[in-house]
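> have a look at this fold, sequence not included:
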């Protein structure tokens, strides 16, 4: 079976933004204009394609990333939208959530996409989650187009929003368009590269009509075009010389230079319009074709050979050995478990065996489907550069690598943020008991930021997530999808513990029974973990993990090497239990410096217990402290409430960091402990006659003040 689409005509991109900037509305317009659906679903009517979950439609927000495939013929080709397959480009699009509680969906989507459209609200400009999403895209080196949306809204200001991108995200953003009119006068856009105006007429704006640039906007358009051309020709010496010599550089050449610069993340083009009013979306699709990379334009994916540990790479070609990354699991009510994967090289057919390099297991790949949000289209074979989903894989998890067994490779895993909030949960009836465990495990497989743990002392089940809404939705899904009724406790903060000083301790664990005894003897040094230095050579005896480092400094085999892993395990278990209030300990460097062994009595369990006791003793002497999550808070309020709100934040141990004006409102930026923020949005609304709004996002962990720590420790006891 041959590939039905040339790779250079494939675009894998995501639509990402802050909550309420209009991502899903933009996705719906894209589906309509590309002919994938015959009617536009609106978020406010709960009829969108990509927001297909009941919880998404009720709340009018995106919760899970939805994958859709559609086809687009650029509007400037004379035979635009003919049915000929060779005129059209295949778009694999992922519509991601904007709410901070579902940030993992953006993070994992960025890992497998080649490009992104970042949507901004034309009134608010850059918002907190826009910054987080931009940072994820930077980490994954994903080329971006910017779309300033909602220019029809009262208070919309293209220039102000554009300046906020320059100030807060990147100096390399450049205007590709300017709007004709704003707020209720917003009619269309002016393309600065071609110096043509466009308006959108016909049914739902589906006819793109070229017009003359209005006389009053000519001077602005010429000025901004000059800035755009300078930014483009900076990236090409020949074009630069022509431009400086007063020659006109052909548009086709400018587009080629701009495409290369966008793919290398040297320029971020900025477009504008209003998705809700059907203005400007088609031109963004043309820009995806012109400037975002195909799988052939991105560097080869790097991975590790599991046999040798050496770095190897795979190129985006059907002829290379198969390599793919599982980036998302989803429970489907009709077909069971779906495993979304991105193919980086090679091909795979339905019915063949799939080798999972992360686990070493083989599974039969029964069916492969291509997704249209919640609808499925079966395919027999997938090729390099494509995104698809496998049905019914049992052992696959997020971040697992699928590959050719003869040429194994393990691709870099996706890292996810740690959960910051927890809830106690218990089944309502005995019948729900077993079903609850099953449901929680299925949900945890789908969502890597959702964790479950059992409290050893109380026997309770605790669920942990990224925020109140996150856990609320998961409990709701448990009820609807798995028919499990549960009672939940009040939200708890996920505190952590660490040490601020250095200390050492020595422990001998000796136990004599009738037969063989137990003997373990270790001496440990503990100190705060120092940040990793880039480029620093890794030492063989140093085992570095997230938030923990173990150094094996045993010389001359005074503790046999087979017992060293048991010592490390004992330390890790002691760290999980904590010593101040029983919370997990982080950011600790622990060195094993000395010990001894007994020919007969030494055992793994003895060293594990000795290490655990020595660690606890040393940590108690190393000035242990409690840590709490500090959140970045942005509050939007009318000016008359500003004094009340800042005073209220101070009473919540908040630190106000700055204020600014935005669309007639005051924006207060502060850092506040999560413990003080439960139910804050409700309080804020009652204080501001319902006119205040807040965005809350995790920032960092900080030491808890002594008076607060004392009450937390007392409560834990």
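Perfect, I can see it now. Source: prediction; values computed, not measured.
> show me what counts as buried in the helix or strand containing residue 197.
Using DSSP states H and E, residue 197 sits within strand 196-201. For strand 196-201, burial by neighbour count (16 or more other CB atoms under 10 Å) applies to 197, 198, 200. Every C-beta, even on glycine, is put in place using the N, C-alpha and C of the backbone.
> now tabulate these in JSON lines and tack on pLDDT and distance to residue 260.
Putting these into JSON lines (pLDDT from 0 to 100; distance: CB to CB, whole Å) gives the following:
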{"residue": "197", "pLDDT": "90", "distance to residue 260": "28"}
{"residue": "198", "pLDDT": "90", "distance to residue 260": "25"}
{"residue": "200", "pLDDT": "85", "distance to residue 260": "30"}
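> what's the first helix or strand after the worst-scoring helix or strand of the chain on mean pLDDT?
Using mean pLDDT, DSSP states H and E, the weakest-scoring helix or strand in the chain turns out to be helix 54-59, at a mean of 49. Under the assignment DSSP H and E, the closest C-terminal helix or strand after helix 54-59 is strand 66-72.
> so residue 161 is in contact with residue 122, correct?
Yes. Counting by CB atoms under 8 Å, residue 161 sits close enough to residue 122 to count as a contact (5.5 Å).
> anything in contact with each of these two?
residue 148 (CB atoms under 8 Å, 6 or more residues apart in numbering).
> between these two, who's got more neighbours?
Under the neighbour definition other CB atoms under 10 Å, residue 161 and residue 122 were set side by side, and residue 122 has more, 30 against 23.
> next up, the contacts around that one.
Contacts of residue 122 (CB under 8 Å, 6+ apart): 148, 149, 150, 151, 153, 156, 157, 158, 161, 182, 272, 274.
> try 10 Å this time
21-22, 147-153, 155-158, 160-162, 179, 182-183, 186, 272-274, 663 (CB atoms under 10 Å, 6 or more residues apart in numbering).
> pLDDT score assigned to the closest residue to residue 13 other than its chain neighbours?
Closest residue in space to residue 13, ignoring its immediate chain neighbours: residue 115 at 4.1 Å, by CB to CB, 6 or more residues apart in numbering. With respect to pLDDT, residue 115 scores 90.
> ok, residue 83 next?
What the model reports as pLDDT for residue 83 is 47.
> and for the one 10 residues further on?
Looking at residue 93, its pLDDT reads 82.
> which residues does it contact?
11-15, 26-27, 30-31, 34, 36, 50, 66-70, 113, 117, 288, 387.
> buried subset of the residues you listed?
Buried among the contacts of residue 93 by 16+ other CB under 10 Å: 11-15, 26-27, 30-31, 34, 36, 50, 66-70, 113, 117, 288, 387.
> enumerate every residue touching the closest residue to residue 153 other than its chain neighbours.
Distances taken as CB to CB, 6+ apart place residue 123 nearest to residue 153, at 5.3 Å, with adjacent residues excluded. By CB under 10 Å, 6+ apart, the contact list for residue 123 reads 21, 148-151, 153-157, 160-161, 183, 662-665.
> buried ones only from those residues, please, as a PyMOL command.
Here is the PyMOL command that selects the buried residues among the contacts of residue 123 (16+ other CB under 10 Å):
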select buried, resi 21+148+149+150+151+153+155+156+157+160+161+662+663+665
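> among the contacts of residue 123, which lie within strands?
Among the contacts of residue 123, the residues falling in strands (DSSP state E) are 148, 149, 662, 665.
> give me the phi and psi for the residue most central in space within the chain.
The C-alpha lying nearest the average C-alpha coordinate of the chain belongs to residue 107 (CA atoms, centre = their mean; 1.7 Å). Residue 107 adopts backbone torsions of phi -60, psi -50, taken as degrees, to the nearest 10.
> wait, it sits on residue 139?
Yes. Contact criterion CB atoms under 10 Å: residue 107 and residue 139 qualify, at 8.6 Å.
> common neighbours of these two, please.
Counting by CB under 10 Å, 6+ apart, the residues touching both residue 107 and residue 139 are residue 415.
> what pairs with residue 189 across the strands?
When bridges are called by DSSP bridges, residue 189 pairs up with residue 179, residue 198.
> check contacts around it.
151, 158, 176-181, 196-200, 271-274, 279-280, 283.
> show me what the longest strand along the chain is packed up against.
For the chain, the longest strand by residue count, based on DSSP E, is strand 624-637. When contacts are defined as 3 or more CB pairs under 10 Å, 6 or more residues apart in numbering; DSSP states H and E, strand 624-637 packs onto helix 128-139, strand 496-499, helix 642-651, strand 655-662, strand 665-673, helix 680-687, strand 693-703, helix 706-716.
> reformat the ones you listed as CSV; add mean pLDDT and distance to residue 511.
Listed next are the helices and strands packed on strand 624-637 as CSV, based on pLDDT from 0 to 100; distance: least, CB to CB, whole Å:
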stretch, mean pLDDT, distance to residue 511
helix 128-139, 81, 49
strand 496-499, 93, 29
helix 642-651, 90, 54
strand 655-662, 86, 52
strand 665-673, 90, 44
helix 680-687, 80, 52
strand 693-703, 84, 38
helix 706-716, 87, 30
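> next, format those as JSON lines and append distance to residue 241.
Output for the helices and strands packed on strand 624-637, formatted as JSON lines (distance: least, CB to CB, whole Å):
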{"stretch": "helix 128-139", "distance to residue 241": "32"}
{"stretch": "strand 496-499", "distance to residue 241": "58"}
{"stretch": "helix 642-651", "distance to residue 241": "54"}
{"stretch": "strand 655-662", "distance to residue 241": "42"}
{"stretch": "strand 665-673", "distance to residue 241": "45"}
{"stretch": "helix 680-687", "distance to residue 241": "57"}
{"stretch": "strand 693-703", "distance to residue 241": "46"}
{"stretch": "helix 706-716", "distance to residue 241": "65"}
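> quick revisit: which of the buried residues of strand 196-201 sits closest to residue 219?
Nearest to residue 219 out of the buried residues of strand 196-201 is residue 197 (CB to CB; 14.4 Å).
> the residue lying closest to that closest one once chain neighbours are set aside: neighbouring residues, count only.
Excluding its sequence neighbours, the residue lying closest to residue 197 (CB to CB, 6+ apart) is residue 211, at 4.3 Å. Neighbour count for residue 211, taken as other CB under 10 Å: 13.
> how about residue 599?
6.
> just residue 257 next, same as before
19.
> confidence score at it?
pLDDT at residue 257 comes out at 92.
> again with the one 5 residues further on
Residue 262 is assigned 93 on the pLDDT scale.
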